[in-house]
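Participant: have a look; sequence and predicted model below, questions after that.
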Amino acid sequence: MNKKTNQKPAVTKQQSEFSENAGLKLYLEKIIGSSNLFDFMTYEFINLFFSNLPGAPGYFLRKISFPFIFKKSEGKNIFGKSLVVRGGKKISLDSNILIDDFSVLDARGENASIELESYVSVGRGTTIAAKNAKITLQKGCNIGSSCRIASESKIVIGESVLIAAFCYIGPGNHKKETPNSKLIESPMENKGGVVIGKNVWIGTRSTILDGVSIGDDAIIGAHSLVKNNVPAGSTVAGTPAKIIKRA
């Protein structure tokens, strides 16, 4: 019979940080995004009493209270049930924004920021994660349900972009530092982030890799893996995505 040992396995930097440094300091840094006692008490009170409140009472009380969690919230914004906010003091919201139930806004790291411009819509269960990065969703951007938008550098999604459900924007690859390095311990390869132009349509279950730029008015077919730049006005599809129609 094999005996269990307490030897630490290979893990990611984040796993190591959270497992070895768990405590109030880490909570304030990663969850609140501020060491200010008032910010901490405000966050705890709002989440305890309003985050999961159902029906009309929850709708109205979150609309009134949740702006206090963020760095900026201009008003007339709708916050869904069980919205998870981490690093709220690094997140800025304009007005007329809809964030649906069970979504996640996560800004972690000293240089992290998330900005949602006016009339942005974030679908149910979608995660937006800025890992020491800057993520900007410009006016009128519409993100479908169960998407993941994450970066360690930057993501800019242009005005009136339509993104269908289950899309992943910004993933990169772990890069081995030595031949004997374990991938899980290796840092992410940074290719400069993702920039998506105006009026782009991205089909369901598509993946846009780190380092890609997509021009205005482009169309990404469903289930595409986009690893190269997409010219403005063109249509691409496939795994990997290829141009099937030029502007």
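Facilitator: Arrived safely. Numbering: from 1, shown residues only.
Participant: now do the contacts for the closest residue to Ala133 other than its chain neighbours.
Facilitator: Counting by Cβ to Cβ, 6 or more residues apart in numbering, Ala133 lies nearest to Ser151, which is 4.3 Å off, once chain neighbours are set aside. In short, each C-beta sits where N, CA and C put it, glycine included. If a contact means Cβ atoms under 8 Å, 6 or more residues apart in numbering, then Ser151 has Ala129, Ala130, Lys131, Ala133, Ile135, Gly170, Gly193, Val194, Asp210 as its contacts.
Participant: what does Leu162 give?
Facilitator: Leu162 sits next to Asn142, Val200, Trp201, Ile202 when contact means Cβ under 8 Å, 6+ apart.
Participant: so after the helix or strand bottoming out on mean pLDDT in the chain, what's the next helix or strand?
Facilitator: Across the helices and strands of the chain, the lowest-confidence element by mean pLDDT, DSSP states H and E is helix 13-20, at a mean of 73. As assigned by DSSP states H and E, the chain's next helix or strand after helix 13-20 is helix 24-27.
Participant: and the contacts of the least confident helix or strand of the chain?
Facilitator: Val11, Leu26, Lys30, Glu185, Pro187.
Participant: what's the closest of those residues to Ile155?
Facilitator: Nearest to Ile155 among these: Pro187, at 18.7 Å, using Cβ to Cβ.
Participant: right, and the closest one touches Asn173 too?
Facilitator: No: contact criterion Cβ atoms under 8 Å: Pro187 and Asn173 do not qualify, at 10.3 Å.
Participant: so Arg62 sits in a helix?
Facilitator: Yes: with DSSP: H, G, I helix; E, B strand; the rest coil as the criterion, Arg62 is part of a helix.
Participant: quick check: nearest residue in space to it, chain neighbours excluded?
Facilitator: Arg62's closest residue in space is Phe79 (Cβ to Cβ, 6+ apart), at 4.2 Å.
Participant: check the one you found and give its pLDDT.
Facilitator: Listed pLDDT for Phe79 reads 97.
Participant: state which helix of the protein is the longest.
Facilitator: helix 37-49 (DSSP state H).
Participant: and the contacts of that one?
Facilitator: Here helix 37-49 makes contact (Cβ under 8 Å, 6+ apart) with 28, 31-34, 61, 65-66, 68-69, 85, 88-89.
Participant: tell me which of these fall in helices.
Facilitator: Leu61, Ser65.
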